[in-house]
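**Student:** Using only what follows, build the 3D model:
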Amino acid sequence: MAEGKGQKTNLGAHLGGHLRENGMLVALVAIVFFFTLVVRVSIDVDFLSAQNITNLFLQNSYVIIMALGMLLVIVAGHIDLSVGSVAAFTGAVAATLTVTLGWPVLAVIPTVLVVGGLIGAAQGYWVAYWRIPSFIVTLAGMLVFRGLTLWLLGGQNIGPFPKSFQSLSTGFIPDLFMVGKPNVTAILVVTLAALILIFLAWRSRQCDAEFGIEQEPMGLFVARSMVIAAALIFVGYKLASFRGLPNVVVVLTILTVLYAFFTENTTTGRRIYALGGNEKAAKLSGINTNRLVFLCFINMGVLASLAGMIVTARLNSATPKAGTGFELDVIAAVFIGGASMTGGSGKIIGVVVGALIMGVMNNGMSILGIGIDYQQVIKGLVLLAAVIFDVYNKNK
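**Tutor:** A predicted model of the protein is given here:
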């Protein structure tokens, strides 16, 4: 009896200590369940249909990609308001090179990524080495690159793109087994990803035990692993029954794994967190904080350019108004995902969950026919609630 009580106490203490992390997963499940029920009752549409799940990833891929970079910027104690304009400008550069100048796609993609990196370097230089507040630098960048987009496009749309460029966003991984539907390759890949995820989680748990770090209760570990694996396999089956795995999902998965490994298992990643937690202490410990901030902005520029190309490929046209409001969705996804306003904390998985929450809300409200005015109000309130929750936890 006493042992059971102790286990309950440990479970409650663990959940209380990881309230934000666990709360976001619960919130995502609750929001998906809510829209599934409401959409079915209101307009008799399956919210979890294969086509809608595919559209959910295609429509929100840019948010997740840029949120990965924005997390590092925010963890380092800064902000980047220019990502939407940078995405629009680099999309316009890609259109000019591909459509107007006739460059091959294999040359356009690395060129545009380099352009994004140079933009990030230009902004990061003033923030890191001149100590100009990132809010001011990137606000100026937002205006500058929006204007450059209008100039480069001449106020007109440029398109269409060749199929090879469009495949960045609208392409799908073919079924290697040539079965048809469901796509066997997609099912196997997603199942393998779920097994790898469980293995990595178990290995991380074993490492914590070796170093004497307090572990989460076994029951909670098993339950969460099973839920996540089941969700992945369900989504994989849905995608397989439609057109298979979108190329952009593969890109998102690779980036998420790489950035999760970078932030949690590399010296540079841990130093970025140290920088955001206490810059003066980080400097005194020998960390080159200026270089880390500079690299964070370069990384942000590269990811913004990748997102810009994906959005442009999806629209099959570079437009002067592309990227408008992107920075708001990206920053909201990072804060909803658990990042602290003051820097120093936040996880890649949390950012992905936060971006999915924003994506599910956008998708569900659009299906229900909710006006853009109400959508903006609701998203603003959700962001405010996430920040209030963060402040409450810190004060507590």
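
**Student:** tell me the domain ranges of this protein?
**Tutor:** 22-171+246-395, 174-245 (automatic domain parsing).

**Student:** where along the stretch 201-350 of the chain do the helices fall?
**Tutor:** In the stretch 201-350 of the chain, the helices defined using DSSP state H, counting those that start in this stretch lie at 218-240, 247-265, 267-277, 279-284, 289-315, 326-336, 348-367.

**Student:** and the fifth one, what does it pack onto?
**Tutor:** Contact here means 3 or more Cβ pairs under 8 Å, 6 or more residues apart in numbering; DSSP states H and E; on that basis helix 289-315 packs against helix 50-75, helix 83-95, helix 105-129, helix 163-170, helix 267-277, helix 279-284. For glycine as for every other residue, the C-beta is placed from the backbone atoms N, C-alpha and C.

**Student:** Now do that helix against helix 163-170, angle only.
**Tutor:** Angle of helix 289-315 versus helix 163-170, following axes from the mean of the first three to the mean of the last three Cα atoms, to 10 degrees, is 110 degrees.

**Student:** What angle do helix 50-75 and helix 289-315 make with each other?
**Tutor:** Counting by the same axes, to 10 degrees, helix 289-315 points 160 degrees away from the direction of helix 50-75.

**Student:** any idea of the mean pLDDT in helix 289-315?
**Tutor:** Helix 289-315 comes out with an average pLDDT of 95.

**Student:** cool, and the fourth one?
**Tutor:** Here helix 279-284 scores 88 as its mean pLDDT.

**Student:** Tell me which residues of that helix come out buried.
**Tutor:** Applying a neighbour-count criterion of 16 or more other Cβ atoms under 10 Å, one finds 279, 282 buried in helix 279-284.

**Student:** which other helices and strands contact it?
**Tutor:** Helices and strands touching helix 279-284, by 3+ Cβ pairs under 8 Å, 6+ apart, are helix 267-277, helix 289-315.

**Student:** What pLDDT is listed against the most centrally placed residue in the chain?
**Tutor:** What sits nearest the mean C-alpha location of the chain, by Cα atoms, centre = their mean, is residue 64, with 2.2 Å. The score at residue 64 is 91. That number is its pLDDT.

**Student:** again, but for residue 138
**Tutor:** What the model reports for residue 138 is a pLDDT of 96.

**Student:** Which residues are in contact with it?
**Tutor:** Listed by Cβ atoms under 8 Å, 6 or more residues apart in numbering, the contact set of residue 138 reads 79-82, 123.

**Student:** So what's the gap between the host helix or strand of it and the chain middle?
**Tutor:** Applying DSSP states H and E as the criterion places residue 138 in helix 134-153. Relative to the chain's own centre, helix 134-153 is displaced by 22 Å; criterion: Cα atoms, centre = their mean, to the nearest Å.

**Student:** What residues sit buried inside that helix?
**Tutor:** Across helix 134-153, burial judged by 16+ other Cβ under 10 Å covers 134, 137-138, 141-142, 144-146, 148-150, 152-153.

**Student:** Could you measure from the residue nearest to residue 224 when sequence neighbours are not counted over to residue 195?
**Tutor:** Nearest residue to residue 224 in three dimensions, chain neighbours excluded: residue 25, at 7.6 Å (Cβ to Cβ, 6 or more residues apart in numbering). Residue 25 is 20 Å from residue 195, where distance means Cβ to Cβ, to the nearest Å.

**Student:** Check residue 84 too.
**Tutor:** According to Cβ to Cβ, residue 84 and residue 195 sit 37 Å apart.

**Student:** more crowded one of the two?
**Tutor:** residue 84 (27 against 13; other Cβ atoms under 10 Å).

**Student:** I'd like to know which of the domains of the chain has the weakest mean confidence.
**Tutor:** For the domains of the chain, the weakest mean pLDDT is recorded on domain 174-245, namely a mean of 78.

**Student:** and the end-to-end length of it?
**Tutor:** Taking Cα to Cα, to the nearest Å, domain 174-245 runs 8 Å from one end to the other.

**Student:** next one: it to chain centre, how far?
**Tutor:** 19 Å.

**Student:** Over to stretch 131-151?
**Tutor:** 22 Å.

**Student:** just the CA coordinates of that stretch, formatted as PDB?
**Tutor:** Presented in PDB, the C-alpha positions along stretch 131-151 are these (Å, rounded to 0.1, in the frame of the first residue of the first chain):
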ATOM      1  CA  ARG A 131      25.000  44.500 -29.900                       C
ATOM      2  CA  ILE A 132      22.000  46.100 -31.700                       C
ATOM      3  CA  PRO A 133      18.800  44.600 -30.400                       C
ATOM      4  CA  SER A 134      17.600  41.800 -32.600                       C
ATOM      5  CA  PHE A 135      14.100  43.200 -32.600                       C
ATOM      6  CA  ILE A 136      15.300  46.300 -34.300                       C
ATOM      7  CA  VAL A 137      17.600  44.600 -36.800                       C
ATOM      8  CA  THR A 138      15.100  42.000 -37.900                       C
ATOM      9  CA  LEU A 139      12.200  44.600 -38.000                       C
ATOM     10  CA  ALA A 140      14.400  46.500 -40.400                       C
ATOM     11  CA  GLY A 141      15.100  43.300 -42.300                       C
ATOM     12  CA  MET A 142      11.400  42.600 -42.500                       C
ATOM     13  CA  LEU A 143      10.800  45.900 -44.300                       C
ATOM     14  CA  VAL A 144      14.000  45.700 -46.500                       C
ATOM     15  CA  PHE A 145      13.300  42.200 -47.800                       C
ATOM     16  CA  ARG A 146       9.600  42.800 -48.400                       C
ATOM     17  CA  GLY A 147      10.600  45.800 -50.500                       C
ATOM     18  CA  LEU A 148      13.300  43.800 -52.300                       C
ATOM     19  CA  THR A 149      10.700  41.100 -53.100                       C
ATOM     20  CA  LEU A 150       8.400  43.700 -54.700                       C
ATOM     21  CA  TRP A 151      11.400  45.100 -56.700                       C
END
